[in-house]
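# Need the 3D shape of this:
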Amino acid sequence: MRLVHAMAPSLWLVMGDFNALFGAHEKSGRSSSASSRQDFLSTVNDYIHHCLNMRGSFVTWTNSRGRLDPRDHVEAWLDRALYFEYWLSY
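From the prediction side, this is the model:
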């Protein structure tokens, strides 16, 4: 993201599976690392500032392992569209 921001500091949108969370509220099941959440959140705060609203299912990833033991089932919101604030004005 630093490279994209350096090349086009005001107008850009990046979408995809970031394999990272903004917070524990975006995941159900086993807990995730607070340090990885902090790294992702710090990068987003430094370069992005906004996340487009999603419609439909909150869950964008699941491990599909809860059939035998519900405690093994994990769901998370990993797919997102992030943009710098000036992107919406064009």
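# how about the strands of this structure, start to end?
Along the chain, the stretches classed as strands by DSSP state E are 13-17, 27-28, 50-51, 61-62, 75-76, 79-83.
# And the contacts of stretch 72-86?
Contacts to stretch 72-86, defined as C-beta atoms under 8 Å, 6 or more residues apart in numbering, come from residues 5, 9-21, 26-30, 32, 44, 47-52, 54, 58-66. (Each C-beta comes from the backbone N, C-alpha and C, glycine too.)
# ignore the last one, stretch 39-59
The contact list for stretch 39-59 (C-beta under 8 Å, 6+ apart) reads 1-2, 4-5, 14, 18, 20-23, 75-77, 80-85, 88.
# just the buried members of those residues?
When neighbours are counted using 16 or more other C-beta atoms under 10 Å, these contain these buried positions: His5, Phe18, Ala20, Leu21, Glu75, Ala76, Trp77, Arg80, Leu82, Tyr83, Phe84.
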